[in-house]
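Asker: Just the structure for this:
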Amino acid sequence: MLPPLAERLRPKSLDDYIGQSHLVAPGAIIRRMIDSGNVSSFILWGPPGVGKTTLARIIANTTESPFYTLSAVNAGVKEVREVIERCKADAMSMFSKGRPILFIDEIHRFSKSQQDSLLGAVENGTVTLIGATTENPSFEVIRPLLSRAQVYTLKPLEAPELQILLDRAVGSDEILSRRGVQVEETTALFRFSGGDARKLLNILDLLEQSTPHGQPLVINDRTVIERLQENPAAYDKQGEMHYDIISAFIKSIRGSDPDAGIYWLARMIAGGEDPEFIARRLVILAGEDIGLANPNALLLANTTYDVIRKIGMPEGRIPLAECVIYLATSPKSNSAYMAIDAALAEVRRSGDLPVPLHIRNAPTSLMKQMGYGADYKYPHDYPSNFTPQQYLPTDLLGSRFWVPCANPAEERSSQLQASRWGAPPPP
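Answerer: Take a look at the predicted model:
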């Protein structure tokens, strides 16, 4: 039985490697390491399907180094130490041409103790560590290990690189090359791939396997969409659907529907949306749509953003869900949002009106002689820490920018303002 297309087309050399030219093009850092035969430890950080594992294997093959691989999903400290012992034996062998390479996939899943167990071998040169991660190493890899390994960022493949990969698959794969593939359109294929080479090849595999032999294998937008009706990657982070779904997400929370909010959150997570983008939008929503009705909403949203930056995904889905439900079920107010927009409109209309003299700063004796700060009333010197005085420019006396909404928190604030200033804000 033949392996999947992605495995059949896995590059064996840098000449066949597609993408990441900033790292592997002639003169680039990893290319220079390979050419010199002196490969230092490093961590490859990037999304799935952009060539992290393939690049590690190419380095080992090119430098003729012993190659060991561990997955952080099923390897513990015991397995790490066993591999390091084998690497020590290889390093001492007269038949070994290069320093052993230890490739750790999903290194962000290694615990602190597992990462600690690597330090000695990396530091004394027993192994060259190549780690691969989809999460930010700054948060997921311990500092001592980061100090011993450079971090290189891999990028999603762009359309021209996906086209090269498609041409290679259609022209040289032992299965596809015999099917007489007709490529009519690539928009949907590239969109569903999302810059992921493995995903593109898996889609081609699906198209080939679902097309009966004897029928032409045609690749166009209609065929791709029909065959991938249940593909969660239908969410396009760069296209129209991105804006439609984030719009539905925000409007659902604003409209106090937690179920709809959670559904659209799930759509974005399943489609690979950047969780920090989602969290930022929640912070904005907390200020714009909940505001003074529940000031704790902004605190929770900001905390959620911080947590997402620290723990990443998939665990980050839980605090995101908590925040979505909290914001959706909170009382709503846009009074702060409306107030600042109204004040900005006034500034554009009336320009730079002078600051009343009594509330100007007076750092010099000349300014004091000119009346700066004169007759200013320090509120804390008065009962209840309040005394009426002019704060707005004279031309704007009586203007109101903040109009409280009908919720308990703002109604209390409105009543307090009325007791202080003698009249409630306008409706």
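Asker: now stretch 270-284, how far from the centre of its chain.
Answerer: 7 Å (Cα atoms, centre = their mean, to the nearest Å).
Asker: quick thing: my sequence starts at 311, can you match it?
Answerer: I'll keep to 311 as the first residue from here, and by that count the last item is stretch 580-594.
Asker: Straight-line length of stretch 683-693, end to end?
Answerer: Between the start and the finish of stretch 683-693 there is a gap of 21 Å, counting by Cα to Cα, to the nearest Å.
Asker: Give the rounded mean pLDDT of that stretch.
Answerer: In this model, stretch 683-693 carries a mean pLDDT of 86.
Asker: what's in contact with that stretch?
Answerer: Applying Cβ atoms under 8 Å, 6 or more residues apart in numbering, the contact partners of stretch 683-693 are Leu667, His668, Ile669, Arg670, Asn671, Ala672, Met677, Lys678, Asn695, Phe696, Thr697, Gln699. All C-beta spots, glycine's among them, are computed from the backbone N, C-alpha and C.
Asker: Could you list the low-confidence segments of this protein?
Answerer: 311, 383, 401-407, 539-553, 732-737 (pLDDT under 70).
Asker: Output stretch 416-434 as CSV, nothing but the C-alphas.
Answerer: Only the C-alpha atoms of stretch 416-434 are listed here, as CSV (Å, rounded to 0.1, in the frame of the first residue of the first chain):
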residue,chain,number,x,y,z
GLU,A,416,5.9,19.7,19.4
ILE,A,417,8.5,20.7,21.9
HIS,A,418,6.1,23.1,23.5
ARG,A,419,4.3,20.1,25.0
PHE,A,420,7.4,19.1,26.9
SER,A,421,7.2,19.7,30.7
LYS,A,422,9.8,21.8,32.5
SER,A,423,11.4,18.6,33.8
GLN,A,424,11.6,17.1,30.3
GLN,A,425,13.1,20.2,29.0
ASP,A,426,15.6,20.4,31.9
SER,A,427,16.7,16.8,31.0
LEU,A,428,18.0,18.2,27.6
LEU,A,429,20.1,21.0,28.9
GLY,A,430,23.3,19.1,29.7
ALA,A,431,23.4,17.3,26.4
VAL,A,432,22.7,20.5,24.4
GLU,A,433,25.2,22.5,26.3
ASN,A,434,28.1,20.1,26.1
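Asker: who touches it?
Answerer: 351, 353, 381-383, 385-387, 390-391, 394, 397-398, 412, 414, 436-437, 439, 441-445, 447, 450-452, 454-455, 458-459, 622.
Asker: Stretch 598-605 too?
Answerer: Residues outside stretch 598-605 that contact it (Cβ under 8 Å, 6+ apart): 563-564, 607-608, 637, 640-647, 714-715, 717, 719-720, 723.
Asker: mind redoing it with 10 Å?
Answerer: Applying Cβ atoms under 10 Å, 6 or more residues apart in numbering, the contact partners of stretch 598-605 are 560-561, 563-566, 595-597, 606-608, 610-611, 636-649, 712, 714-720, 723.
Asker: List the ones among the residues you listed that fall in helices.
Answerer: Mapping the contacts of stretch 598-605 onto helices (DSSP state H) picks out 560-561, 563-564, 595, 606-608, 610-611, 636-639, 645-649, 718-720, 723.
Asker: Just the buried subset of these, please.
Answerer: Buried residues within the ones in helices among the contacts of stretch 598-605, counting neighbours by 16 or more other Cβ atoms under 10 Å: 560, 563-564, 595, 607-608, 610-611, 636-638, 645-646, 648-649, 719-720, 723.
Asker: okay, now Pro698: neighbour count?
Answerer: 11 (other Cβ atoms under 10 Å).
Asker: what about it, is that helix, strand or coil?
Answerer: coil (DSSP: H, G, I helix; E, B strand; the rest coil).
Asker: so it sits right up against Ser729, yeah?
Answerer: No. Applying Cβ atoms under 10 Å as the test, Pro698 and Ser729 come out as separate, 11.6 Å apart.
Asker: any idea which residue sits dead centre in this protein?
Answerer: Nearest to the geometric centre of the chain sits Asp584, at 3.6 Å (Cα atoms, centre = their mean).
Asker: separation between it and Ile452?
Answerer: Distance from Asp584 to Ile452, counting by Cβ to Cβ, to the nearest Å: 25 Å.
Asker: and what of Val491?
Answerer: Separation of Val491 from Ile452 (Cβ to Cβ) stands at 47 Å.
Asker: again, but for Thr497
Answerer: From Thr497 to Ile452 the distance is 43 Å (Cβ to Cβ).
Asker: follow-up on the earlier one: and the residue nearest to the centre of the chain, what does it touch?
Answerer: Asp584 neighbours (Cβ under 10 Å, 6+ apart): Lys547, Met578, Arg590, Ile618, Met623.
Asker: which of those has the most neighbours?
Answerer: Ranked by neighbour count under the definition other Cβ under 10 Å, those are headed by Ile618 with 24 neighbours.
Asker: pretty sure that residue contacts Leu630?
Answerer: Yes. Counting by Cβ under 10 Å, Ile618 does reach Leu630; the two are 6.9 Å apart.
Asker: Overlap in contacts, these two.
Answerer: Contacts common to Ile618 and Leu630, judged by Cβ under 10 Å, 6+ apart, are Pro585, Ile588, Ala589, Leu592.
Asker: quick one: which of the residues you listed is most hemmed in?
Answerer: Taking other Cβ under 10 Å as the neighbour criterion, Leu592 ranks highest of the shared contacts of Ile618 and Leu630 with 27 neighbours.
Asker: quick one: the most far-flung residue of the chain relative to its centre and Cys633, what's the gap?
Answerer: No residue in the chain sits farther from the centre than Gln679, which is 56.0 Å out by Cα atoms, centre = their mean. Using Cβ to Cβ, Gln679 is found at 55 Å from Cys633.
Asker: How about Asn434?
Answerer: Applying Cβ to Cβ to Asn434 and Cys633 gives a distance of 45 Å.
Asker: Out of these two, name the residue with the larger neighbour count.
Answerer: In this view Asn434 and Cys633 are compared by other Cβ under 10 Å, and Cys633 has more residues nearby, 28 against 9.
Asker: What helix or strand is the more buried one located in?
Answerer: Element membership for Cys633, per DSSP states H and E: helix 627-639.
Asker: Same check on Glu389?
Answerer: Here Glu389 is assigned to helix 387-402, by DSSP H and E.
Asker: what packs against that helix?
Answerer: Here helix 387-402 is seen to pack against strand 377-381, strand 411-415, helix 422-433 when contacts are counted using 3 or more Cβ pairs under 10 Å, 6 or more residues apart in numbering; DSSP states H and E.
Asker: Could you export those as JSON lines, including distance to Asp662?
Answerer: What follows is the helices and strands packed on helix 387-402, written out as JSON lines (distance: least, Cβ to Cβ, whole Å):
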{"stretch": "strand 377-381", "distance to Asp662": "63"}
{"stretch": "strand 411-415", "distance to Asp662": "60"}
{"stretch": "helix 422-433", "distance to Asp662": "56"}
